[in-house]
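Student: Generate coordinates for the sequence data below:
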Amino acid sequence: MENFSLFEKEEKIECKPFIKWVGGKGQLLPEISKLYPVELGKTINKYAEIFIGGGAVLFDILSKYRLDEVYISDKNLELINTYKTIRDNVYILIKSLKEMENQYIPMNNEDRKVYYYERRSEYNNLKINIEENNIRKAALFIFLNKTCFNGLYRVNKKGEYNVPMGAYKNPKICDEENLKNVSLALKNVKIIYADYRESKDFIDDNTFVYIDPPYRPLNITSSFTSYTENDFSDKEQIELANYIDILNEKGAKVVISNSDPKNTNENDNFFDDLYKNYNINRVKANRMLNSKANSRGEINELLITNYK
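Tutor: Sure, this is the predicted structure:
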């Protein structure tokens, strides 16, 4: 595969996440980017992100480095469908989003509520009952993300998206320029609906891997980890750490992010013990994970590396 990046004629194309995502890495990007391996874009010419989420780190790396191969994956089928749709059918997607934006924005609040819940029902019917209509599903996925409460993606045990409407006055439902740039960025990217362990064959000693799993909750109210129909408990955190040991043995350079249990319990050494053979960095982040405005504050998060 030819080297690719977002550089064209020496000009950098601006590209950013196309959705809001709980735990999105936009604000932590300056700290994460400090940890990019110095060999990235040189001897390290592959990149893998195996819990892709909103993709802030992915788009930052694609805009800065020339790479041979890029692999992204997630267990959220609808999220992966949306990435693929933007890559492969961005103009049809934009047309659908523009139609919804033009209908939704002029409405009063009551009409917006009716429209939102109609679109949510349509999305759930497509999601659960029909495999086709992937472009329409992607358009509804983005519409709901832009208009729902706090940009959450949460499903019930039946797999139905169940987030209520948000209170945004003028949401940017169709960011046409960014969607086109994201489509360009994803042109040569492998986009896979898969468990993270399926990345093993792709990752080698020329690969930089960023791993941003569902965070270990600091308390019950912050537990928005069920963004797929599968929970991510301490058992899964331990299994992930075991997989990271395999990547370490392969010679890959790995950065892992997670919550810091010591924010609420200074005696909780879960990650300190789990990653005792790696480098643990504590960095500051502002987080709000419930509806109370005063619950937002500066807390530590963990950035763990297998190299210095």
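Student: Ramachandran angles for the residue nearest the centre of the chain?
Tutor: The chain has residue 53 as the residue nearest its centroid, 1.3 Å off, counting by Cα atoms, centre = their mean. Backbone torsions for residue 53, taken as degrees, to the nearest 10, come to phi 50, psi -140.
Student: same check, this time on residue 119
Tutor: Here residue 119 shows phi and psi, under degrees, to the nearest 10, equal to phi -70, psi -40.
Student: from memory it sits against residue 143, does it?
Tutor: Yes: using Cβ atoms under 8 Å, residue 119 makes contact with residue 143 at a distance of 5.9 Å. Every C-beta, even on glycine, is put in place using the N, C-alpha and C of the backbone.
Student: Can you work out which residues contact both of those two?
Tutor: Residues touching both residue 119 and residue 143 by Cβ atoms under 8 Å, 6 or more residues apart in numbering: residue 100.
Student: partner residues bridging residue 253?
Tutor: residue 208 (DSSP bridges).
Student: My read is that it contacts residue 206, right?
Tutor: No: assessed by Cβ under 8 Å, residue 253 is found out of contact with residue 206, at 9.4 Å.
Student: Residue 57 and residue 49, how far apart?
Tutor: Distance, residue 57 to residue 49, using Cβ to Cβ, to the nearest Å: 6 Å.
Student: how near is residue 256 to residue 301?
Tutor: Note on residue 256: its distance to residue 301, by Cβ to Cβ, is 11 Å.
Student: same check, this time on residue 110
Tutor: Separation of residue 110 from residue 301 (Cβ to Cβ) stands at 40 Å.
Student: Pass me the low-pLDDT residue ranges in this protein, would you?
Tutor: Residues of the chain that meet the criterion pLDDT under 70 lie in 1-13, 130-132, 220-230, 288-296.
Student: tell me the domain ranges of it?
Tutor: Domain ranges of the chain: 7-75+194-305, 88-176, per automatic domain parsing.
Student: which residues does residue 96 contact?
Tutor: Counting by Cβ under 8 Å, 6+ apart, residue 96 touches 135, 136, 139.
Student: What are the buried residues along the helix or strand in which it is found?
Tutor: For residue 96, the element it lies in under DSSP states H and E is helix 90-104. For helix 90-104, a neighbour-count test (16 or more other Cβ atoms under 10 Å) marks 90, 93, 94, 96, 97, 100, 101, 104 as buried.
Student: With distance to residue 41 as new columns, can those residues be given to me in JSON lines?
Tutor: JSON lines is the format used below for the buried residues of helix 90-104 (distance: Cβ to Cβ, whole Å):
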{"residue": "90", "distance to residue 41": "26"}
{"residue": "93", "distance to residue 41": "30"}
{"residue": "94", "distance to residue 41": "31"}
{"residue": "96", "distance to residue 41": "36"}
{"residue": "97", "distance to residue 41": "33"}
{"residue": "100", "distance to residue 41": "39"}
{"residue": "101", "distance to residue 41": "37"}
{"residue": "104", "distance to residue 41": "41"}
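Student: Let me know the closest of those residues to residue 20.
Tutor: Ranked by distance to residue 20 (Cβ to Cβ), the buried residues of helix 90-104 are led by residue 97 at 15.1 Å.
Student: So which of residue 110 and residue 301 has more stuff around it?
Tutor: More crowded of residue 110 and residue 301, by other Cβ atoms under 10 Å: residue 301, with 21 against 8.
Student: what's in contact with the helix or strand hosting that one?
Tutor: Using DSSP H and E, the element containing residue 301 is strand 297-305. Residues outside strand 297-305 that contact it (Cβ under 8 Å, 6+ apart): 28, 31-32, 35, 218, 253-260, 262-263, 271, 275, 278-287.
Student: Direction included, what does that strand pair against?
Tutor: Strand 297-305 has the following strand partners under DSSP bridges: strand 253-259 (antiparallel), strand 279-287 (antiparallel).
Student: Would you mind finding the most buried of those strands?
Tutor: Per-stretch averages of neighbours, counted by mean count of other Cβ atoms under 10 Å, single out strand 253-259 among the strands paired with strand 297-305, with a mean of 23.
Student: Off-centre distance for the next helix or strand after that strand?
Tutor: Next in sequence after strand 253-259, counting helices and strands by DSSP H and E, comes helix 270-274. Offset of helix 270-274 from its chain centre (Cα atoms, centre = their mean, to the nearest Å): 24 Å.
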